[in-house]
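Novice: quick one, what's the 3D model for this:
(2 chains, ligands or ions: 2)
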Amino acid sequence: MTTPELEPLPVLPDANNPHPVAASSHLGIVDLLSESVTALTSRPARTLLTALGTILGVAALVATLGLAKTAGNQIVGRFDELAATEVSIAPESRGFGSGNRTISVIPWDAGDRLQRLNGVVAAGTKSDVDVGSDLARAVPVIDPLGQTEFQIPVIGVSDGTFAAVRSTLETGRFFDVGHNERADNVVVLGPGAATRLGVSRVDNTPAIFIGERAFAVIGILKDTAREPDLLSAIIIPDQTARAFFGLSAPGEVHVDVEVGAADLIGTQAAIALSPNSPDQLRVSVPRSPKAVQEDVEGDVNALFLLLGGISLLVGAIGIANVTLVSVLERTGEIGLRRALGATPGQIARQFLTESASLGALSGLIGTSLGVLATVVISATRDWTPVLDPWLPFVAPVLGALIGLIAGVYPSLKAARMEPVQALRSF
Amino acid sequence: MSAPVVELQGVTRTFDATPPVEALKATNLVINDGDYLSIVGPSGSGKSTMLNVLGLLDSPTDGTYLLDGTDISRLGERQLAGLRATKIGFVFQSFHLLAHRSATENVMLAELYSGRDRGGRRPRAIAALEKVGLGHRLDAFPPTMSGGERQRVAIARALTAEPSLLLADEPTGNLDTVTSEAILELFDDLHAAGLTVAVITHDTDVAQRAERTINIRDGIVTETARAAS
Ligand SMILES: Nc1ncnc2c1ncn2[C@@H]1O[C@H](COP(=O)(O)OP(=O)(O)O)[C@@H](O)[C@H]1O
Ligand SMILES: [Mg+2]
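Specialist: Ligands and ions are numbered 1, 2, ... in the order given. Predicted coordinates:
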């Protein structure tokens, strides 16, 4: 030591500064990361094999979440528009036992009342009509030998019902408000009923009989999207049913709503129909598409997330195992690093950083594979791949976390090595 | 007069074993700046134990060790590690090079924990390699190098941090005679340039090159007074 200026900073600890900076071992973050990357890239094949479990685990998780989302979305896309726009209202059954008729609080003008609600496309009532022992026939008895009388169900509807259940006509017309209000003797035949009764055209206004009462056939249904029992029935205005067959109140109400309005109408319908006792009505609304989607995602997720989680666990064990082997293999290197001035903490940090980097790398590769799998599988099904935007960012972090946890034990083991002992194994 | 580089006062190292092994017994030793010291003794006599204590890889169980005037028993782990990084250079019998790193990268490793500037690391490593005559093998990897070349890399690694004390544990133990000679000449040169060097050897020829020879037998250290040549 020649001049005081050239002397290194004093290393004598004093009470105020027990850790002189110049003498303390130091490992910068850049060095730490570059050491870890160097260690990982010096044996790429081994690194990749170590990462495999975590790669597959993360890929499985990402693909699962991606496909569940995609499939869920697909279900919404294909969601039955018909079912989504159907609302029906029936009297709450009281559970008095079978045979006890429930007292209907549905008003005759139910269709009109609901028609006024925003979001309702069409609404009408529908009731099974009890015609007692009356049979239906097309003409007064002519051929006593051939069967000309049939037991055909009779259904009373209001004028809005046809639109509400989306019926289409083969021929003729539906009855209108006027027919209903006047309780006219008119019928619309379901195609099944029309065939049995031998009625195929309405331009000559054929008549049919229910019991001894004659009715004019003004239309024949072609099809109906809802309430298929109409197809085999004789359909009469419900006021006609009330006047001639003693129908006391409409049996149920059918509403065709705009897409997305079902829930809203569902909450309003009962009050609109029966302001005093809405709880006596049972409103059926379709399950919302969102609920269906969440259901599907839930089902898919539960199973595959479990599988993904297991792969991740296996992956973590893989990283822990190889890191531990690596620590043992590199015992000499650990001794050397200690001799070169590494503290146990720095040794631990280095191995932790290595395993965390490996985990992050696995997460990154796994995420890419998972996204790829989602896209490819979607493509084969003609689905539009949908992915939660956070997924590609969270998955690598998850990988890093797994690597970090997997590295804890090996790192502590590395840090606890005695330098003299470790140096011997070079 | 500045403090000696090393001052051992009654330093003892006892290993916990049954029965306990006193590998180093109440040793007094002073190594001054620029000394060239050889440590000789039969196998198991305590040479490596002595070197490990001197190099702060091991701590005395008794006695006082002053390194550059600092009582090392008063230092914490980080400071001891820091002293190893800045004041001590190690050379090992089996070189201890990392196989997957080039000569330059192996040398640069010596400054990783020293807190010195990153930017100057590579130039200093290259300068150290040139100093040991390996300017033409900067990017070579250890497995492709001869034993002599590898030991030169190891010596360059020990030199690059500009230590106060160079410690070598049988540095020529794995080398043939010709190569050993060259390595020992390198030590001579380093000593001539003012470096403090302590070399463990069981080769009496090697021991002759040093100014001072320390004998260890069963943990007891004696210094042979050498007649001035
Ligand atoms: N960690 C240890 N535990 C127990 N005994 C040890 C340990 N290290 C060294 N020894 C003993 O201390 C003595 C000196 O060892 P060492 O310094 O390695 O000898 P040398 O380097 O001279 O061959 C030997 O008897 C050895 O068995
Ligand atoms: Mg030895």
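
Novice: keeping just the C-alphas, turn the strand ranked longest in chain A into PDB.
Specialist: Scanning chain A for the strand with the most residues, using DSSP state E, yields strand A:213-224. Once non-C-alpha atoms are left out, strand A:213-224 reads as follows in PDB (Å, rounded to 0.1, in the frame of the first residue of the first chain):
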ATOM      1  CA  ARG A 213    -123.600 -27.700 -34.400                       C
ATOM      2  CA  ALA A 214    -122.300 -26.700 -37.800                       C
ATOM      3  CA  PHE A 215    -119.200 -24.700 -38.400                       C
ATOM      4  CA  ALA A 216    -117.700 -23.100 -41.500                       C
ATOM      5  CA  VAL A 217    -114.100 -24.100 -42.300                       C
ATOM      6  CA  ILE A 218    -112.300 -20.900 -43.200                       C
ATOM      7  CA  GLY A 219    -108.700 -22.200 -43.200                       C
ATOM      8  CA  ILE A 220    -106.500 -25.200 -43.000                       C
ATOM      9  CA  LEU A 221    -103.100 -25.000 -41.200                       C
ATOM     10  CA  LYS A 222    -100.000 -26.000 -43.000                       C
ATOM     11  CA  ASP A 223     -97.800 -26.100 -39.900                       C
ATOM     12  CA  THR A 224     -97.100 -24.500 -36.600                       C
END
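
Novice: list the buried residues in it.
Specialist: If you call a residue buried by 16 or more other CB atoms under 10 Å in any protein chain shown, then strand A:213-224 has these buried ones: A:215, A:217-221, A:224. The C-beta positions use only the backbone N, C-alpha and C, and glycine is treated the same way.

Novice: mind listing residues that contact that strand?
Specialist: A:134, A:165-175, A:179, A:184-191, A:194, A:199-200, A:202, A:205-209, A:230-231, A:234-236, A:244 (CB atoms under 8 Å, 6 or more residues apart in numbering or on different chains).

Novice: beyond it, next helix or strand please.
Specialist: strand A:234-237 (DSSP states H and E).

Novice: so what strands line up beside that next one?
Specialist: strand A:154-157 (parallel), strand A:186-189 (antiparallel) (DSSP bridges).

Novice: reformat those strands as TSV; add mean neighbour count and mean pLDDT.
Specialist: Putting the strands paired with strand A:234-237 into TSV (neighbours: other CB atoms under 10 Å in any protein chain shown; pLDDT from 0 to 100) gives the following:
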stretch	mean neighbour count	mean pLDDT
strand A:154-157	26	94
strand A:186-189	28	94
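
Novice: among those strands, which is nearest ligand 1?
Specialist: With CB to the nearest ligand atom as the measure, strand A:154-157 is the member of those nearest ligand 1 (99.7 Å).

Novice: who's in contact with B:R124?
Specialist: B:111, B:160.

Novice: which bits of chain B sit near ligand 1?
Specialist: Contact residues (CB under 6 Å from any ligand atom) of chain B with ligand 1: B:15, B:17, B:21, B:23, B:41, B:43-49.

Novice: for the strands paired with strand A:234-237, give me JSON lines that also has distance to A:L401.
Specialist: Shown next, in JSON lines, are the strands paired with strand A:234-237 (distance: least, CB to CB, whole Å):
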{"stretch": "strand A:154-157", "distance to A:L401": "64"}
{"stretch": "strand A:186-189", "distance to A:L401": "68"}
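
Novice: how about the single nearest residue of the stretch 101-250 of chain A relative to chain B: what's its closest non-neighbour residue?
Specialist: Nearest to chain B in the stretch 101-250 of chain A, going by CB to the nearest CB, is A:G119, at a distance of 69.4 Å. Ranked by CB to CB, 6 or more residues apart in numbering or on different chains and with sequence neighbours excluded, the top spatial neighbour of A:G119 is A:A261, at 3.1 Å.

Novice: from the centroid of chain B, which residue is nearest?
Specialist: B:L167 (0.9 Å; CA atoms, centre = their mean).

Novice: element containing B:R13, please.
Specialist: strand B:6-15.
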